[in-house]
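Peer 1: Have a look at this prediction, sequence included:
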Amino acid sequence: MKKFFMFFIAGLLLSACCYVPSQKEAQKYLEKIAHQYPEKNIYVGGHSKGGNLAVYAAAFCGKRMQSRIGKIYSHD
């Protein structure tokens, strides 16, 4: 029962925040890769939490970079 409440509280905290640190790191990584390959289209994706990170990074990167994103995949 104690474990359940720990996960419940963690879920509440995550839902109350604007972002979690891993989402910002994913955004930085996407921007880094896009900068390294300026002429390429970008496909972003992940599974489970990685899918959340992919969607977040694509949603919050700059408009110019968003225009280069061909597809975003979030597999659950």
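Peer 2: Received it, and whenever you're ready, just let me know what you need. Nothing here was measured: the structure is a model prediction, and the numbers come from that model.

Peer 1: mind checking which helix or strand the most centrally placed residue in the chain is in?
Peer 2: Note on the chain: the residue nearest the mean C-alpha position is Leu53, at 1.9 Å, using Cα atoms, centre = their mean. Element membership of Leu53, judged by DSSP states H and E, is helix 49-60.

Peer 1: Tell me the helices and strands packed up against that helix.
Peer 2: helix 21-36, strand 42-47, strand 69-75 (3 or more Cβ pairs under 8 Å, 6 or more residues apart in numbering; DSSP states H and E). C-beta coordinates here come from the backbone N, C-alpha and C atoms, glycine included.

Peer 1: how about low-confidence regions in the chain?
Peer 2: 1-7, 9-16 (pLDDT under 70).

Peer 1: can you rerun that using 80?
Peer 2: Low-confidence segments of the chain (pLDDT under 80): 1-18.

Peer 1: one step back: any idea how far the residue nearest to the centre of the chain is from Pro38?
Peer 2: Per Cβ to Cβ, to the nearest Å, Leu53 is found 22 Å from Pro38.

Peer 1: Lys32 too?
Peer 2: Taking Cβ to Cβ as the measure, Lys32 and Pro38 are separated by 12 Å.

Peer 1: so what's Gly46 up against?
Peer 2: Asn52, Leu53, Ala54, Tyr73, Ser74, His75 (Cβ atoms under 8 Å, 6 or more residues apart in numbering).

Peer 1: ok so, going back, what would the helices and strands packed on helix 49-60 look like in CSV with distance to Phe60?
Peer 2: Below are the helices and strands packed on helix 49-60 laid out as CSV (distance: least, Cβ to Cβ, whole Å):
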stretch, distance to Phe60
helix 21-36, 5
strand 42-47, 12
strand 69-75, 12
